[in-house]
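Enquirer: sequence first, then the predicted structure, then my questions.
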There are 2 protein chains.
Amino acid sequence: MKLGRLNHIGVAVPSMADAIAYYRDVMGAQLITEPFDMPAQGVKVAFVNTPDAHGELSGTQIELIEAIPLPDGSASPIAGFIAKNPAGGQHHLCYEVEDIEAAREWFTAQGKRILGPTRIGAHGTPIFFLHPKDMLGQLTEIMETPKGHH
Amino acid sequence: MKLGRLNHIGVAVPSMADAIAYYRDVMGAQLITEPFDMPAQGVKVAFVNTPDAHGELSGTQIELIEAIPLPDGSASPIAGFIAKNPAGGQHHLCYEVEDIEAAREWFTAQGKRILGPTRIGAHGTPIFFLHPKDMLGQLTEIMETPKGHH
């Protein structure tokens, strides 16, 4: 496998509104996407776009993640993370791959534990997560590069 | 202030050799810089280059950080992090700014705690760190963009 683009860094936040205000007013973000819910994952997400080496807003994104209840009313998996990190904190790293099935086979062959089935992620392309204990302590998301992007 | 490029993600690792092997052999990194010591900070560092949206290796870097003893023989600040996170883990985020002094004044005016004086960082340009409790739970490094880079 060839290391892909670092698509985003997931950051769990106690309040989406406060996190957006922080990135806009303190850090000076020029573009933050409108937050949207992913109910099946128990999260609300929004993306902070960052400039790349060319000054375009296509650098690695910051994914802001807020807990929302799961459809059955139980707590979001993010709620436990925030309980341990009340100010928020870095939650995961996400790398792009060209072919999600090939990547799944690759990591399985490397003996890395994949957390659940491949599903559609926040960018609308297939993703899966790898166990942090197998990945240098980092919860790692692998996502297929959106079509038309490189 | 205007949000700058996400220069790198700092990842503390228990073993530099193992971390380099992981990024090369499991993640497929094409370019990892030679590790070097920063004795005054009690760290050995190496950078994993990632591709950007144009396919060039100028995306956000992963900074691998291993603890080495401080010059007075005391433990590295990274040693405590690894004691809590034995597999390794995400340690900090680093954003670029055009002018380090202006950035220092900006964050001070925002009431953010700056950790120590401005010093020369691993890329040879001035840097400082901000207190994670003031920065959405993220230890945040601010670095001046290397000359000739944008």
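Expert: It's in. Numbers count the residues shown, from 1 in each chain, chains lettered A, B, ... in the order given.
Enquirer: in the helix ranked longest in chain A, which residues are buried?
Expert: Longest helix of chain A, by residue count under DSSP state H: helix A:100-109. Within helix A:100-109, the residues that count as buried by 16 or more other CB atoms under 10 Å in any protein chain shown are A:100, A:103-104, A:106-107. For glycine as for every other residue, the C-beta is placed from the backbone atoms N, C-alpha and C.
Enquirer: after that helix comes which helix or strand?
Expert: Next in sequence after helix A:100-109, counting helices and strands by DSSP states H and E, comes strand A:114-120.
Enquirer: mean confidence score for that following strand?
Expert: Here strand A:114-120 scores 97 as its mean pLDDT.
Enquirer: direction included, what does it pair against?
Expert: strand A:126-130 (antiparallel) (DSSP bridges).
Enquirer: tell me what angle the partner strand forms with helix A:100-109.
Expert: 10 degrees (axes from the mean of the first three to the mean of the last three CA atoms, to 10 degrees).
Enquirer: nearest residue to the middle of chain A?
Expert: residue A:10 (4.2 Å; CA atoms, centre = their mean).
Enquirer: contacts for stretch A:64-77 next, please.
Expert: Applying CB atoms under 8 Å, 6 or more residues apart in numbering or on different chains, the external contacts of stretch A:64-77 come out as A:10-16, A:19-20, A:23, A:35, A:37, A:39-48, A:78-79, A:82, A:91.
Enquirer: and stretch A:46-59, by the same measure?
Expert: Residues external to stretch A:46-59 that are found in contact with it (CB under 8 Å, 6+ apart): A:8, A:16, A:19-20, A:23, A:27, A:29-36, A:60-64, A:122, B:3-6, B:52-54, B:56, B:58-60, B:95, B:149-150.
Enquirer: and those, which of them are in helices?
Expert: A:16, A:19-20.
Enquirer: among these, which are in reach of chain B?
Expert: residue A:19 (CB under 8 Å from any CB of the partner chain).
Enquirer: just among the ones in helices among the contacts of stretch A:46-59, which is most surrounded?
Expert: Neighbour counts for those (other CB atoms under 10 Å in any protein chain shown) peak at residue A:19, which has 23 neighbours.
Enquirer: my guess is that one contacts residue A:82. True?
Expert: No. Assessed by CB atoms under 8 Å, residue A:19 is found out of contact with residue A:82, at 11.6 Å.
Enquirer: overlap in contacts, the two.
Expert: A:13, A:88.
Enquirer: so what's residue A:115 up against?
Expert: Residues near residue A:115 by CB under 8 Å, 6+ apart: A:128-131.
Enquirer: and which of those residues is nearest to residue A:145?
Expert: For the contacts of residue A:115, the closest approach to residue A:145 (CB to CB) belongs to residue A:128, at 14.4 Å.
Enquirer: just give the nearest non-adjacent residue to that closest one, would you?
Expert: Spatially, and ignoring its direct neighbours in sequence, residue A:128 is nearest to residue A:118 (4.8 Å; CB to CB, 6 or more residues apart in numbering or on different chains).
Enquirer: now residue A:9
Expert: Nearest residue to residue A:9 in three dimensions, chain neighbours excluded: residue A:62, at 5.6 Å (CB to CB, 6+ apart).
Enquirer: please work out how many residues are found near that neighbour.
Expert: For residue A:62, using other CB under 10 Å, the count is 28.
Enquirer: beta partners of it?
Expert: Beta bridges link residue A:62 to residue A:9, residue A:48 when assigned by DSSP bridges.
Enquirer: and the gap between residue A:77 and chain B?
Expert: Distance of residue A:77 to chain B, computed by CB to the nearest CB, to the nearest Å: 17 Å.
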